[in-house]
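# I need the structure of the sequence given here:
(2 chains)
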Protein chains: 2
Amino acid sequence: MSISNQSVNQNECDRPHHVVIIGGGFGGLYAAQKLGKSPVKVTLIDRRNFHLFQPLLYQVATGSLSPADIASPLRAVLAENKNTSVLMGEVVDIDPQAQLVKLKTHLEVHYDSLIVATGVSHHYFGNDQWSEQAPGLKTIEDAINIRRRILSAFEAAEKTNDSKFQEALMTFVIIGGGPTGVELAGTIAELAHRTLSEEFSNIDTRKARIIMIEGTDRVLPPYHADLSAAAQESLTGLGVEVRTSAMVTNIEEHIVTFKCGEQIEQIQAQTILWAAGVKASTMGKVLSDRVGAELDRVGRVIVQPDMAIASHPNIYVIGDLANYSHLGDRPLPGVAPVAMQQGEYVAHHIQAKILKKEPAKFKYQDFGSMAVIGRHAAVADFKFLRLKGWSAWFIWTFVHIYYLIEFDNKLVVMVQWGWNYFTHRRSARLITGKYLEVLEEMEGIRVSSLPVEAKEPAEVA
Amino acid sequence: MSISNQSVNQNECDRPHHVVIIGGGFGGLYAAQKLGKSPVKVTLIDRRNFHLFQPLLYQVATGSLSPADIASPLRAVLAENKNTSVLMGEVVDIDPQAQLVKLKTHLEVHYDSLIVATGVSHHYFGNDQWSEQAPGLKTIEDAINIRRRILSAFEAAEKTNDSKFQEALMTFVIIGGGPTGVELAGTIAELAHRTLSEEFSNIDTRKARIIMIEGTDRVLPPYHADLSAAAQESLTGLGVEVRTSAMVTNIEEHIVTFKCGEQIEQIQAQTILWAAGVKASTMGKVLSDRVGAELDRVGRVIVQPDMAIASHPNIYVIGDLANYSHLGDRPLPGVAPVAMQQGEYVAHHIQAKILKKEPAKFKYQDFGSMAVIGRHAAVADFKFLRLKGWSAWFIWTFVHIYYLIEFDNKLVVMVQWGWNYFTHRRSARLITGKYLEVLEEMEGIRVSSLPVEAKEPAEVA
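Numbering: from 1, shown residues only, chains lettered A, B, ... in the order given. Here you go, the predicted model:
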């Protein structure tokens, strides 16, 4: 018997059950909040010091909102739960025998119950080399990077007289026609064709091309066909070129190659964004190695009806990292409501186990799904009711403000959206971080990759 | 005669006078705005795509405001001035004979009048190696870096049981007792002693030490002695240890060494911030090399009474980069009102020259100065009236909202400040960018520089 097991037995009577949660996304945070008034000890571990409201991340990437508007410090959110500690750090391993979670910097935390909610990252389907030129959107840093690229492309376009280069700078390709792809494409179109249209002297930003490439035969594939058609119509109305049934085969030197049936096409674009796929975070593999958890094709953990791992009923996996297929053929989608409900369910489940009660079964309540395309343009699929256009957009706006975690975030987002709505302005359009490097790299590309033509003023004297 | 001069003569009748402005800070932006309705062509060149409201930058560094709340896209601000172009890029040289401004990426821009308003950067008085450990606060990136360091120090402190290391992590040294130093010290004290006080489990953030080191015998040296005393009292009240007549002699391995008279002291602190001095931006040297501009001790350009350079009456220098000493013995201070008034003055001066009118003389209207220490604590020196405490704080708040460039920034800052005021919360407390690297580096320091003691749980089984 290990030291750790001894200590567990020894202390079982005089110390509270310790629930360790890895990940402060929707799943982890909702579990922590639900456990906040229970007679358990809770430790939430995250690599970040904030919860990120990911559904609005595309608005940071396109200059409408600031990172802090959609991020809430985990400590502030959980401050009132006196049984809860927060640790910032990266979990790299677990030891299921000793019931330890191991952080990268030598710290180990003992758990009685473990909730793993570390989500997913981008999936390039074996083409990880594409990630450099076609970044995805998962973190604040991703959003700042994408914002920098989009805005720098216009700045570089303003400075050149080379029309072919200018065209490439003003071409934006979004790969993937799911909600994130649709939101990005619609907002970039509004940004280029409206917000920026009066601000440049040498370019007409209304001529910017925004192209969406989707592999299936319609945008928003999981939605009802009517709504997909409505979304596509809205996108087209905003000036987005939608290419469906198009498979990307290569991304290199700012050229996207894709196949439509037998035909191969290429688009030269300075800015290429990836919204096509996700794969499980590395904790999936850790669970597979350490407790023999079964993984699906993209590395998600296949869970039991109670969200636990078959061999270890005290280890739960929830949210995007979990593959929960007990309600039908397909696993539940990787969306916020699933994670929230699973978080709350697992909290209940642990409470019931401690009280030696029979825990209820998980029942996913599907309130439907929504995606926004642009101003007055959204689709909402409530099963019993399908909405599009103004009404869906209005509900989308209300729901997103309602679910924002902190009150001041609700307030600030409302102010910003009101301002954007009436002025078409987007005031978080900052090029930050490696601001000059990116611009100069773009301008350098022109020098190196295009036919050598002197575009600069002739050398003086 | 050079090609460029030929083209100037050729076009003189049919093209408008071209004013090129380098730098979109207070000086450059106010000049551009004043010229926006004149019969001239204006080109504003900046390395950034936004104007930064620098007086509130310390609030970004301490998690109260988001970068976009105090930054305004230059293109948006100037969009209505149809005679104005904005170029994002770095000016590296000028050619006064050909009247060209040269950008790093091969672009050249011809000017008839040139306004140089590139400001200042940090000055370590010959100890540039200190900059790594003691960063200064001039840019958005500086602020994000400082915010990351302050917040990461508390996160690392929460994770260690080594009390000596914990103490170093919870010690914050601010070098320099001018307005920026006072604002940083006061806000960090409020952050540690109030905002964070309920959020940690293993540390008591109220025990954090905030130490200000000032070389002269009082804080806010340019202010009236009464106000310096009031500011120092407010700082002390907030728990800041103020050390005056203390000269920093070394910064190394997170230890600040300073001299008080003959006595040498050392403080170990994870976080050291530099608010002690500024030097001219590199354009000062360019002007010295190219047009023989006279520089002062810190590299600022000594200007004529009309802000021009003696040898080149069509090249003006304004704002922090200018040394304007025509109103007394000392040059005008490097504050926003000076830059704003000089920007507007130079715009008038150019307009008058074009109309062949006698330009008015520059007259600085000194409305006084203000510095804020914390909630209800500020000092204001209006010459005829000196205020401290609540009244000065109220006026400071009002003036700063009034001068923010964009309406939505005013609105959002008001909302945030209102929220902070009533809740003591600061919701922009995000650790972004190199978020884990910084934390792990801090935790690594402990491993390498402190006595080797096993603080981790004993190896299991």
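# And the residue nearest the centre of chain A?
Nearest to the mean C-alpha position of chain A, by Cα atoms, centre = their mean, lies A:K138 at 3.7 Å.
# helix or strand for it, which one?
Assigned by DSSP states H and E, A:K138 falls within no helix or strand.
# hang on, it packs against A:S121?
Yes. Using Cβ atoms under 8 Å, A:K138 makes contact with A:S121 at a distance of 6.0 Å. Every residue, glycine included, has its C-beta placed from N, CA and C.
# Can you name the residues of the stretch 301-450 of chain A sitting close to chain B?
Contact residues (Cβ under 8 Å from any Cβ of the partner chain) of the stretch 301-450 of chain A with chain B: A:406-409, A:411-412, A:415-416, A:419, A:423, A:425, A:427-433, A:435-436, A:439-440, A:443-444, A:447.
# ditto for the stretch 1-150 of chain A
For the stretch 1-150 of chain A, the residues in contact with chain B (Cβ under 8 Å from any Cβ) are A:2-4, A:47-50, A:66-69, A:71-73, A:75-76, A:79, A:85-90, A:95, A:97-98, A:100, A:104-108, A:110, A:140-141, A:144.
# Now, of the residues you listed, which are buried?
A:4, A:47-50, A:66-69, A:71-73, A:75-76, A:79, A:85-90, A:95, A:98, A:100, A:105-108, A:110, A:140, A:144 (16 or more other Cβ atoms under 10 Å in any protein chain shown).
# Which ones among the residues you listed map onto helices?
A:S4, A:R75, A:A76, A:I140, A:I144 (DSSP state H).
# Looking at these, which gets the smallest pLDDT?
Across those, the bottom pLDDT score, 37, is held by A:S4.
# and A:V42, what helix or strand is that in?
According to DSSP H and E, A:V42 maps onto strand A:40-46.
# A:F172 bridge partners, please.
Note on A:F172: beta-bridge partners by DSSP bridges are A:I210, A:T271.
# residues contacting it?
By Cβ atoms under 8 Å, 6 or more residues apart in numbering or on different chains, the contact set of A:F172 is A:150, A:153, A:185, A:188, A:192, A:208-211, A:269, A:271-273.
# How about A:E406, nearest residue that isn't a chain neighbour?
Closest residue to A:E406 apart from its sequence neighbours, by Cβ to Cβ, 6 or more residues apart in numbering or on different chains: A:S72 at 4.7 Å.
# Report the separation between that neighbour and A:N409.
7 Å (Cβ to Cβ, to the nearest Å).
# any shared contact partners between the two?
Common neighbours of A:S72 and A:N409 (criterion: Cβ under 8 Å, 6+ apart): A:F53, B:S427.
# list the buried ones in stretch A:390-399?
For stretch A:390-399, the neighbour count (16+ other Cβ under 10 Å) marks A:A392, A:W393, A:I395, A:W396, A:T397 as buried.
# Also stretch A:363-370?
A:S369, A:M370.
# Restricted to strands, list the residues of the stretch 1-150 of chain A next to chain B.
A:F50, A:A71, A:S72, A:P73, A:S85, A:V86, A:L87, A:M88, A:D95, A:L100, A:E108, A:H110 (DSSP state E).
# isn't the last one right up against A:Q97?
No. The pair A:H110 and A:Q97 does not pass the contact test of Cβ under 8 Å, sitting 11.8 Å apart.
# one step back: counting by contacts, list what the strand holding A:V42 packs against.
strand A:17-22, helix A:26-35, helix A:74-78, strand A:84-88, helix A:336-354 (3 or more Cβ pairs under 8 Å, 6 or more residues apart in numbering or on different chains; DSSP states H and E).
# ok, 10 Å please
The contact analysis (3 or more Cβ pairs under 10 Å, 6 or more residues apart in numbering or on different chains; DSSP states H and E) places strand A:40-46 against strand A:17-22, helix A:26-35, helix A:74-78, strand A:84-88, strand A:100-103, strand A:108-110, strand A:113-116, helix A:336-354.
# distance between it and the chain's centre?
23 Å (Cα atoms, centre = their mean, to the nearest Å).
# Now it - C-alpha only, CSV.
Extracted C-alpha coordinates of strand A:40-46, given in CSV (Å, rounded to 0.1, in the frame of the first residue of the first chain):
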residue,chain,number,x,y,z
VAL,A,40,-16.3,19.2,0.0
LYS,A,41,-13.0,20.9,-0.6
VAL,A,42,-12.6,22.0,-4.2
THR,A,43,-9.4,22.9,-6.1
LEU,A,44,-9.7,24.3,-9.6
ILE,A,45,-6.5,24.1,-11.7
ASP,A,46,-6.1,26.0,-14.9
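# got the contact list for A:K410?
A:D69, A:H400, A:I401, A:Y402, A:Y403, A:L404 (Cβ atoms under 10 Å, 6 or more residues apart in numbering or on different chains).
# okay if I get those residues as TSV plus secondary structure and distance to A:V20?
As requested, these are exported to TSV (DSSP: H, G, I helix; E, B strand; the rest coil; distance: Cβ to Cβ, whole Å):
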residue	secondary structure	distance to A:V20
A:D69	helix	30
A:H400	helix	30
A:I401	helix	32
A:Y402	helix	30
A:Y403	helix	26
A:L404	coil	27
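# By neighbours, which of those residues wins?
The residue in the contacts of A:K410 with the most neighbours, by other Cβ atoms under 10 Å in any protein chain shown, is A:D69 (29 neighbours).
# Just the helices from chain A, written as ranges.
For chain A, the helices defined by DSSP H cover A:3-11, A:26-35, A:57-61, A:74-78, A:140-159, A:163-169, A:179-190, A:225-237, A:283-291, A:336-354, A:390-403, A:407-423, A:435-449.
# Looking at the ones you listed, spot the one closest to B:D226.
Closest to B:D226 of the helices of chain A is helix A:407-423 (Cβ to Cβ; 36.7 Å).
# quick one on the thing from earlier: looking at the helices of chain A, spot the one closest to A:R218.
Smallest distance to A:R218 across the helices of chain A (Cβ to Cβ): 4.1 Å, for helix A:225-237.
# quick one, what contacts the closest residue to A:T139 other than its chain neighbours?
Nearest residue to A:T139, sequence neighbours excluded (Cβ to Cβ, 6+ apart): A:L52, at 7.4 Å. Contacts for A:L52 (Cβ under 10 Å, 6+ apart) come out as A:24-26, A:29, A:46, A:60, A:67, A:70-72, A:138-140, A:143, A:405, B:430.
# What residues are recorded as beta-bridge partners of A:L52?
Applying DSSP bridges to A:L52 yields these beta-bridge partners: A:A71.
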